[in-house]
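**Student:** Predicted model, plus sequence, below.
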Amino acid sequence: MNIRIKIQKSIDTAKSDVEKMQCPDATQNLKLNTKNRNGAIKQEHIQYGPLNVDEPGMYWKDIAEFWNTSENAAKKSNCSNCVAFDISPRMDECMPGPVSDPDGRLGYCWMHHFKCHSARACRTWAKGGPIKIDDKSYEWQEKNENKIEERCQKGYKTHSKRKTKKMYGKTYRNCVKAEQLSK
Ligand code: SF4
């Protein structure tokens, strides 16, 4: 292979590696962050909350019932110690404003993709966090980027037989125009 082409290929790979590891979109885009957070609040299987940490209402009682545990135990399972809560130094740099407040701190949720707060929780909480080091944070980012997109865009559907396709070494959902499928 021509040496110039080889060099260009290496530059392109390095560029794409750097781009891949940029800050998560929701940390840089308030609208997207709000959309994802509101989705996490509303969706039955997530129920991010409580909205007001000082006046949680029935939040902890409800989540305790959902987990079949006591209210006190439920309160101890919050974002601050969730496996998906990223408070690594590189993530702190991605955060546009201050990360701490009197109730705790903000971090990035790798499960639901928004800036969540250590004093809140959700139904998909899992033990093992928080993510404190950059290497772990990059691992989560890589895992997320290799994940197959959950849904096709409006007007497109997953191909009935070939559900995935490979491009540039990655696997993607094989979305085709809906009208093509109905033919
Ligand atoms: S960090 Fe964990 S508990 Fe917090 S919103 Fe994300 S998944 Fe839920």
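**Tutor:** That came through fine.

**Student:** going forward, measure contacts between C-alpha atoms and count neighbours the same way
**Tutor:** Will do.

**Student:** List the buried residues for the lengthiest strand in the chain?
**Tutor:** Looking across the chain with DSSP state E, the single longest strand is strand 104-109. By neighbour count with 16 or more other CA atoms under 10 Å, strand 104-109 contains the buried residues 105-109.

**Student:** Which members of these define the maximum pairwise distance?
**Tutor:** Arg105 and Cys109 (12.4 Å; CA to CA).

**Student:** so what's Ser118 up against?
**Tutor:** Contacts of Ser118 were listed using CA atoms under 8 Å, 6 or more residues apart in numbering, and they are 78-81, 104-107.

**Student:** Could you do Cys109 as well?
**Tutor:** By CA under 8 Å, 6+ apart, the contact list for Cys109 reads 84-86, 115-116.

**Student:** Beta-bridge partners for it, please?
**Tutor:** Phe85, Phe114 (DSSP bridges).

**Student:** where are the low-confidence patches of this protein?
**Tutor:** Scanning the chain for pLDDT under 70 picks out the ranges 1, 3, 6-21, 148-150, 163-173, 181-183.

**Student:** Within range of the ligand, give me the residues from it.
**Tutor:** 48, 78-79, 82, 84-85, 109, 111-112, 116, 121-122, 124-125 (CA under 6 Å from any ligand atom).

**Student:** and if we set it to 8 Å?
**Tutor:** Taking CA under 8 Å from any ligand atom, the part of the chain that reaches the ligand is made up of 40, 46, 48, 77-86, 107-114, 116-118, 120-126.

**Student:** Please enumerate the strands of this protein.
**Tutor:** 85-86, 100-101, 104-109, 114-117, 156-158, 164-167, 170-173, 175-177.

**Student:** The second one - which strands sit beside it in the sheet, and in what orientation?
**Tutor:** Partners of strand 100-101 in the sheet, by DSSP bridges, are strand 104-109 (antiparallel).

**Student:** what about the partner strand, distance to the chain center?
**Tutor:** 12 Å (CA atoms, centre = their mean, to the nearest Å).

**Student:** returning to what we had before: of all the strands of the chain, which one comes closest to Met58?
**Tutor:** Nearest of the strands of the chain (CA to CA): strand 114-117, 18.5 Å.

**Student:** picking that back up, which pair of the contacts of Cys109 spans the longest distance?
**Tutor:** Every pair of the contacts of Cys109 checked by CA to CA; the farthest is Ala84 and Lys115, at 11.3 Å.

**Student:** Now for those two: what residues contact both?
**Tutor:** Joint contacts of Ala84 and Lys115 (CA under 8 Å, 6+ apart) are 108-109.

**Student:** on that earlier part again, of the residues of the chain next to the ligand, select the buried ones using a PyMOL command.
**Tutor:** To isolate in PyMOL the members of these that are buried, counting by 16+ other CA under 10 Å, one can use:
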select buried, resi 40+46+48+77+78+79+80+81+82+83+84+85+86+107+108+109+110+112+113+114+116+117+118+120+121+122+123+125
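
**Student:** All set now, cheers.
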